[in-house]
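1. give me a 3D structure for the following:
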Amino acid sequence: MKILVVCLVLAIFGTQSHGYEVYNIISPNNNGGNLQETVTVDNEKNFAIINIHAGSCSSTTVFDYKHGYIASRVLSRRACYILDMKHKAIPALDQLKRYIYERKALTNMYSDKYIWVKYSPLQSLITHVDWFLFGSPIKQLCSHVPLYKGDVVEKTHDIRAEACAKTGLLGILGISICAGTDA
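-> Predicted structure coming up:
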């Protein structure tokens with residue numbers, strides 16, 4: 001009996017000390033199938049990882065609040081896009097977790113929070129990367145593919161929407177990454 005109590009106490013405190021929360025969101029897509037999003041939040045290291053499982057439209061996005069960057073890796077493009085987190089549209093980590101909780105509770109939740117990111121394939125390629133600046137979650141995501149710096153665009157009339165990839169947390173905080181002719 002004592003061993004059971006010790007194991008139970010270790011399990012409770014061991015789980016809490018890791019600070020991980022994992023959310024699974026399954027929602028219908030436009031093709032009649034399902035779209036799965038998995039969100040892992042690390043409260044201790046202050047980041048969230050969002051995996052969108054949607055075939056060739058799959059992506060992984062890291063919100064690294066400690067270092068102040070968002071990085072998205074789009075499977076079909078074999079590239080990573082990095083964005084400074086200083087924009088007012090980026091929710092704090094606790095707000096992001098609240099959005100996720102509400103999305104799970106209300107399956108038809110819709111948010112108008114959307115960020116348009118523009119990058120120039122020729123001018124915004126980062127060739128010498130200081131991974132210490134971006135942090136280890138972004139390094140793990142982007143270290144073996146080209147890395148582009150993106151900028152938030154306030155006026156979307158300059159963007160060709162057909163050249164965009166959607167990432168982020170669909171239905172909560174969408175991010176469209178679009179190629180442009182200037183940075």
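2. check what pLDDT residue 85 gets.
-> pLDDT, residue 85: 87.
3. check contacts around it.
-> 63-65, 68-70 (CB atoms under 8 Å, 6 or more residues apart in numbering). Where you see a C-beta, it was placed from the backbone N, CA and C, and this is true even at glycine.
4. ok, now residue 65?
-> 46-48, 85, 92-93.
5. do that again at 7 Å, thanks
-> Counting by CB atoms under 7 Å, 6 or more residues apart in numbering, residue 65 makes contact with 46-47, 93.
6. neighbours around residue 146, how many?
-> Each residue near residue 146 was counted by other CB atoms under 10 Å, and the total is 14.
7. can you tell me how far it is from residue 77?
-> According to CB to CB, to the nearest Å, residue 146 stands 9 Å off from residue 77.
8. likewise residue 83?
-> 15 Å.
9. name the residue in those two with the higher neighbour count.
-> Neighbours were counted for residue 83 and for residue 77 using other CB under 10 Å; residue 83 has more, 24 against 17.
10. partner strands of the helix or strand hosting the more buried one, with direction?
-> Following DSSP states H and E, one finds residue 83 within strand 79-84. Strands that pair with strand 79-84, judged by DSSP bridges, come out as strand 69-74 (antiparallel), strand 147-149 (parallel).
11. buried residues, that strand. List them.
-> Judged by neighbour count (16 or more other CB atoms under 10 Å), strand 79-84 contains these buried residues: 79-83.
12. who's in contact with the residue most central in space within the chain?
-> The chain has residue 61 as the residue nearest its centroid, 2.7 Å off, counting by CA atoms, centre = their mean. Residue 61 is in contact with 50, 70, 72, 167-168, 175, counting by CB under 7 Å, 6+ apart.
13. pick out whichever of those residues sits closest to residue 24.
-> Minimum distance to residue 24 across the contacts of residue 61 is 11.5 Å, recorded for residue 50 (CB to CB).
14. what sits against that closest one?
-> 37, 39, 60-61, 168-169.
15. quick one: it from residue 130, how far?
-> From residue 50 to residue 130 the distance is 24 Å (CB to CB).
16. direction included, what does the one helix or strand residue 60 maps to pair up with?
-> According to DSSP H and E, residue 60 maps onto strand 59-64. Counting by DSSP bridges, the strands paired with strand 59-64 are strand 47-53 (antiparallel), strand 69-74 (antiparallel).
17. that older thread, tell me the helix or strand right after the strand holding residue 83.
-> Scanning onward from strand 79-84 (DSSP H and E), the first element met is helix 93-105.
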